[in-house]
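K.L.:
all I have is the shape, not the residue letters:
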């Protein structure tokens, strides 16, 4: 595998890992697959559209704050009132929130894609030794590494992070020993929102366009990567994202041109085969193993 292919695989895998982490953080505590996560990415994209003339530091700050606030409000208004309901109710609620946010975006901004030239400087080519890549690939790798290291330190060194880990392992027991459910869940949504804000900026730097449905594919990819890694495992979600990115780039690079249009079908074919061999994912959670 060439150096450029390896860098592209790591870059795409990093993006997928961020998306999967945002979904896995909430699932680990609430056992909720939040399909409205993709719409947090969409919210971040429209914030970038509104602020892109104000300097990149302001754009980054405004995007992060707006998406985190939206994620916390989503939890407080939509999910907290139905927290004790059947899992199917939570799932339907996430679809309802997603549908609501997408249609609000259509009403406010229109249904047509809009061009955003906020991070065009990241498209510049860069040569690192024998490797030819872009600034965006390097930034994606660096930002993902920083996010993963920061999250690992938070979960292992801080009181709030340890409480989140305990809640993810056994939410009922964690509440019995004094962990505050509302605080832990709101924190999980806030960190998920931070991941969505980063994904929004990286996606717009890559594509340069924003539309109300920009979050649909990231939500699907994140869900698939989380399932591959093993529902309930944060490191599994990260590894699942990198596996999915690696397979996608390998097929993109080595498939014959006549077969290339079927790349996505082959990627999901690989996912089906993997799940047939490992139905619980690569790193299933203890709770999932006990249920099976």
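P.N.:
Nice, thanks for sending it over. Only a predicted model underlies this, so the values are computations on that prediction, with no experimental measurement involved.
K.L.:
so what touches the host helix or strand of residue 65?
P.N.:
Secondary structure from DSSP states H and E places residue 65 in helix 56-74. Applying CB atoms under 8 Å, 6 or more residues apart in numbering, the external contacts of helix 56-74 come out as 36, 40, 43-44, 47-48, 51-52, 54, 97, 118-119, 186, 189-190, 192-194, 196-198, 200-201. To be clear about C-beta, it is placed using only N, CA and C from the backbone, and glycine gets the same treatment.
K.L.:
tell me the SS of residue 132?
P.N.:
When classified by DSSP: H, G, I helix; E, B strand; the rest coil, residue 132 comes out as strand.
K.L.:
sorry, slip of the keys, the one I care about is residue 126.
P.N.:
Strictly by three-state DSSP, residue 126 counts as strand.
K.L.:
that one touches residue 134, doesn't it?
P.N.:
Yes. Counting by CB atoms under 8 Å, residue 134 is a contact partner of residue 126 at 6.2 Å.
K.L.:
those two: which has the busier surroundings?
P.N.:
residue 134 (18 against 12; other CB atoms under 10 Å).
K.L.:
any idea how far residue 8 is from the more buried one?
P.N.:
As judged by CB to CB, to the nearest Å, residue 134 and residue 8 stand 10 Å apart.
K.L.:
low-confidence ranges in the stretch 1-150 of the chain?
P.N.:
1-2 (pLDDT under 70).
K.L.:
what segments of the stretch 101-250 of the chain are strands?
P.N.:
In the stretch 101-250 of the chain, the strands defined using DSSP state E, counting those that start in this stretch lie at 114-115, 125-128, 131-134, 209-210.
K.L.:
so what strands line up beside the third one?
P.N.:
Sheet neighbours of strand 131-134, with direction, are listed as strand 125-128 (antiparallel) (DSSP bridges).
K.L.:
just the buried positions in stretch 204-214, please.
P.N.:
For stretch 204-214, burial by neighbour count (16 or more other CB atoms under 10 Å) applies to 204, 205, 206, 208, 210, 211, 212, 214.
K.L.:
chain center to the helix holding residue 65, what's the gap?
P.N.:
In this view, helix 56-74 has its centroid 15 Å away from the chain centroid, taken as CA atoms, centre = their mean, to the nearest Å.
K.L.:
likewise for stretch 85-103?
P.N.:
Per CA atoms, centre = their mean, the centroid offset for stretch 85-103 relative to its chain is 18 Å.
K.L.:
which residues sit against that stretch?
P.N.:
30-36, 38-39, 42-43, 74, 78-79, 82-83, 212-213, 215, 219.
K.L.:
just the buried residues of stretch 159-167, please?
P.N.:
161, 163, 164, 165, 166, 167.
K.L.:
sort out for me which of the residues you listed are in helices.
P.N.:
Here DSSP state H is the test, and the buried residues of stretch 159-167 give 161, 163, 164, 165, 166, 167 as lying in helices.
K.L.:
quick one, what contacts residue 259?
P.N.:
Contacts of residue 259 by CB under 8 Å, 6+ apart are residue 266.
K.L.:
how far away is it from residue 252?
P.N.:
11 Å.
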